[in-house]
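Engineer: Kindly generate the corresponding structure for this input.
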Amino acid sequence: MQRLTDACCGKCTHAPAEPCVKYVECRTAGPLCHDDEDCRARRRGLLSRVRREVLETPVVSVGTGTCGRGAGAMKVLEAVRAWSQNSGISVRVEETGCIGMCTAEPLFDIHAPGRTRLFFGNVRENQVSRILDAVLKNQTLPNAPRALGQLPDGHGSAWDGVNSLWEHPFFAPQNRRVLAHCGVSNPESLDAYLADGGFSAFAKAVSAMTPAEIIAEVERSGLRGRGGGGFPTGRKWRFAHETPADQKYMVCNADEGDPGAFMDRALIEGDPCRVLEGLMIAAYAIGATHAYVYIRAEYPLAIERLETAIRELRACGLLGANILDSGFSLEVHIKKGAGAFVCGEETALIHSIEGKRGMPRPRPPYPAVRGLFGKPTVINNVETLANVPPIIERGADWFAAVGTEGSRGTKVFALSGKVARTGLVEVAMGTPIRTILEDIGGGIPNGKKFKAAQIGGPSGGCLPEAWLDCGVDYESLRKAGAMMGSGGLVILDENTCMVDLARYFMEFIQKESCGTCIPCREGSRRMLEILDAICKKPDPANDAAALERFQGVTHLEHLAQVIRTTSLCGLGQSAPNPVLSTLSNFRAEYEAHVYERRCPAGVCKDFIDFRIDTEKCTGCSLCARKCPVGAIHGAPRSPYYIVPEKCVRCGACRTACRFDAVQVQ
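Structural biologist: From the prediction side, this is the model:
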């Protein structure tokens with residue numbers, strides 16, 4: 001099939017070797033574009049095929065993002081290909097990114113000619129043949145598994161008894177703008193992106209708008225940085241635009257290091273061209289001719305799809321010299337990070353791109369004035385850049401119509417933890433946490449009670465049930481003692497120990513500290529020592545241990561405030577947040593650890609013991625077989641018992657028991 005990017009009729013005044021995006025949608029047709037009826041008919045035919053408005057061969061799309069691959073999507077992909085070879089039915093097999101519903105992985109959809117796309121979740125490779133036989137051979141729905149939903153497109157007949165995919169409880173409350181193409185479009189196909197209107201915003205920007213007009217539009221939209229503190233994006237661009245220099249740089253920060261966060265990875269895997277289009281518009285706005293995507297090397301699939309997209313853009317003239325005959329030139333480079341959390345901070349990121357050790361530097365001067373290689377540099381998060389194309393295409397008012405007064409647009413969250421439906425969630429700014437937890441996430445499974453929502457990663461805070469109706473916007477979260485951060489949202493149930501959680505984050509921060517400044521380097525170490533002491537049994541051989549422990553507890557809050565006010569970079573300044581927020585909202589749990597030597601959640605190993613309820617134990621011996629130290633004894637079909645002196649409190653027995661006979665005291 002002829003590619004959209006090769007659709008030039010040869011009658012244009014630009015060089016035939018440089019296919020023109022103006023041919024794709026003809027939204028910026030001008031003196032360079034030869035536009036007659038034959039041309040338009042040819043374009044419409046190509047677009048119809050790419051958009052599947054005219055479908056002759058069935059298409060099966062498998063979600064092969066990282067989450068899908070971890071659940072077995074590659075086996076499903078191979079099963080689809082094997083079925084196509086063995087059934088005699090020609091099938092076009094495509095790969096897509098993550099649609100967001102990670103609990104439904106592996107996920108694939110079938111698009112039969114004349115019908116709508118039909119989505120199935122939690123598919124195993126041994127179910128593929130039965131599903132494909134039913135849908136493609138018999139034009140019926142399989143008995144199992146049940147279809148998740150269908151995508152009505154106005155061109156094919158709908159399947160009876162199947163709701164729209166967007167009516168699913170996981171998707172219905174969402175407002176999918178940034179994630180619009182993820183999971184439904186082929187991320188490795190530039191044609192698919194162009195057919196959906198891709199790069200029309202870029203074409204409009206370089207052909208019909210000045211850099212100053214672009215910056216003004218972004219400022220008017222109210223777009224704020226989605227990677228941390230929420231600094232106004234347009235204002236940052238203006239600083240760099242107004243700084244005179246012979247060279248400027250644009251950087252996409254894809255160094256996603258927060259535990260529980262995977263938004264940037266999934267967005268690049270599912271829609272790399274959109275991120276690149278936003279990067280290209282931003283580069284044109286500030287006057288940069290070189291752009292970098294700084295992405296951690298632990299994201300091999302995202303890197304692969306970025307490289308494919310960049311290669312295709314260069315091949316069709318959308319990257320390189322004199323793009324679209326506009327006089328604007330741009331080269332995009334990929335810089336792989338080594339996984340250092342501190343390199344998410346923009347000055348440390350700049351040092352890493354320059355080949356130096358990733359360490360923050362004092363500001364001012366800010367990167368927009370003196371950044372990469374000493375030149376004006378703008379650094380934006382992946383999600384921030386993905387919001388730019390629709391702002392230019394549809395206007396600032398369209399973007400600002402969603403959200404709150406101070407926080408416009410939508411926000412993507414990585415919903416994880418103790419929740420029924422985990423995955424990527426995109427909601428309007430100001431949406432209550434309760435809506436995300438209960439309506440989208442399906443609530444907490446196994447009848448457990450909600451305890452806290454940890455938002456913002458290591459730099460964020462833990463919000464108790466009293467804040468469940470807090471809106472997810474910059475101002476509301478700041479008032480609640482948390483922060484937006486990059487968008488990790490971890491739900492915690494009653495079995496979570498908040499002291500242990502604070503200790504986990506402090507251990508993470510202490511290991512990831514670059515060591516440049518003493519408050520962060522030594523302060524985080526001392527805070528971790530205090531938290532360790534709170535969670536440990538007393539040492540009878542050390543008479544001073546108890547006094548040192550209480551002294552540390554009394555100094556914990558003061559030490560946290562010193563680190564917050566004296567650390568060099570934003571990561572160090574926000575390092576104490578998990579401790580301060582848990583102290584503020586769950587002080588009783590700290591007091592139980594300190595004064596009673598008790599862990600109310602039954603998590604801290606030094607404060608708990610395991611025993612077996614003889615009335616519930618059936619003598620199946622599964623707990624004894626799972627015990628790594630042989631601490632469980634008993635006779636078959638008789639109650640077992642645990643030897644306390646040998647037990648290491650790993651919890652393997654409790655996990656293995658199917659009768660809830662293993663109790664924690």
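Engineer: what's around C617, how many residues?
Structural biologist: Counted with other C-beta atoms under 10 Å, the neighbours of C617 add up to 20. In this view, the C-beta of every residue, glycine as well, is placed from N, C-alpha and C.
Engineer: ok, it to D609 distance?
Structural biologist: 16 Å (C-beta to C-beta, to the nearest Å).
Engineer: again with T404
Structural biologist: Counting by C-beta to C-beta, the gap from T404 to D609 is 49 Å.
Engineer: likewise R92?
Structural biologist: R92 sits 60 Å away from D609, taking C-beta to C-beta as the criterion.
Engineer: Now R117. Its backbone dihedrals?
Structural biologist: The phi/psi pair for R117 (degrees, to the nearest 10) reads phi -70, psi 130.
Engineer: Next secondary structure element downstream of the longest helix anywhere in the chain?
Structural biologist: Criterion DSSP state H: the longest helix present in the chain is helix 545-566. Remark: after helix 545-566, the chain's next helix or strand is helix 570-573, criterion DSSP states H and E.
Engineer: now for that following helix, which elements pack on it?
Structural biologist: Helices and strands touching helix 570-573, by 3 or more C-beta pairs under 8 Å, 6 or more residues apart in numbering; DSSP states H and E, are helix 518-534, helix 545-566.
Engineer: burial of K137, as a residue count?
Structural biologist: Around K137 there are 11 residues (other C-beta under 10 Å).
Engineer: thought it was touching I89?
Structural biologist: Yes. Assessed by C-beta atoms under 8 Å, K137 is found in contact with I89 at 7.3 Å.
Engineer: which stretches of the chain have low pLDDT?
Structural biologist: Regions of the chain meeting the criterion pLDDT under 70 cover residues 1-45, 540, 542-545.
Engineer: what domains does the record give for the chain?
Structural biologist: Listed by automatic domain parsing, the domain ranges of the chain are 4-50, 59-167, 199-399, 410-496, 499-595, 609-664.
Engineer: mind checking which of the ones you listed is nearest A180?
Structural biologist: Among the domains of the chain, the nearest to A180 by C-beta to C-beta is domain 199-399 (8.0 Å).
Engineer: what's the spacing between the closest one and its chain's center?
Structural biologist: 17 Å (C-alpha atoms, centre = their mean, to the nearest Å).
Engineer: does F231 really touch R238, like I thought?
Structural biologist: No. Using C-beta under 8 Å, F231 makes no contact with R238, being 11.9 Å away.
Engineer: okay, those two: which has more neighbours?
Structural biologist: The residue with more neighbours, out of F231 and R238, is R238; 21 against 12, by other C-beta under 10 Å.
Engineer: Next, the buried residues of stretch 550-565.
Structural biologist: 552-553, 556, 559-560, 563-564 (16 or more other C-beta atoms under 10 Å).
Engineer: Please disregard the earlier target; I meant stretch 605-620.
Structural biologist: So for stretch 605-620, counting by 16+ other C-beta under 10 Å, buried means 605, 607-608, 610, 612, 617, 620.
Engineer: Strands - which of the residues you listed land there?
Structural biologist: 610, 612 (DSSP state E).
Engineer: and the two most separated of the buried residues of stretch 605-620?
Structural biologist: Going by C-beta to C-beta, the pair spanning these furthest: F607 and C620, at 28.6 Å.
Engineer: which one is R503 nearest to, not counting chain neighbours?
Structural biologist: L531 (4.2 Å; C-beta to C-beta, 6 or more residues apart in numbering).
Engineer: the helices in the stretch 201-350 of the chain, which residues?
Structural biologist: 211-221, 233-241, 263-270, 272-286, 300-315, 346-353 (DSSP state H, counting those that start in this stretch).
Engineer: try the stretch 1-150 of the chain
Structural biologist: Taking DSSP H, counting those that start in this stretch as the test, the helices found in the stretch 1-150 of the chain are 22-25, 37-50, 66-71, 73-87, 128-132.
Engineer: Quick check: which of the ones you listed is buried the most?
Structural biologist: helix 22-25 (a mean of 22; mean count of other C-beta atoms under 10 Å).
Engineer: Please report how far the closest residue to P464 other than its chain neighbours lies from D258.
Structural biologist: Of all residues not flanking P464 in the chain, N585 sits nearest, at 4.6 Å (C-beta to C-beta, 6+ apart). Distance, N585 to D258, using C-beta to C-beta: 20 Å.
Engineer: give the contact list for K536.
Structural biologist: Each residue near K536 by C-beta atoms under 8 Å, 6 or more residues apart in numbering is listed here: D606.
Engineer: Doesn't it belong to a strand?
Structural biologist: No. Counting by DSSP: H, G, I helix; E, B strand; the rest coil, K536 falls outside a strand, being coil.
Engineer: Run a quick neighbour tally on the closest residue to S329 other than its chain neighbours.
Structural biologist: Once flanking residues are discounted, S329 sits nearest to A321: 4.6 Å by C-beta to C-beta, 6+ apart. By other C-beta under 10 Å, the residues close to A321 number 11.
Engineer: now L276
Structural biologist: Neighbours of L276 (other C-beta under 10 Å): 28.
Engineer: Double-check P113 against E56; I have them as touching.
Structural biologist: Yes. Contact criterion C-beta under 8 Å: P113 and E56 qualify, at 6.2 Å.
Engineer: neighbour count winner among the two?
Structural biologist: More crowded of P113 and E56, by other C-beta under 10 Å: P113, with 13 against 8.
Engineer: Contacts only, for that one.
Structural biologist: P113 touches 55-58, 156, counting by C-beta under 8 Å, 6+ apart.
Engineer: Pipe those residues into a markdown table and attach distance to I491 per row.
Structural biologist: Converted to a markdown table, those look like this (distance: C-beta to C-beta, whole Å):
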| residue | distance to I491 |
| --- | --- |
| L55 | 40 |
| E56 | 46 |
| T57 | 43 |
| P58 | 39 |
| G156 | 38 |
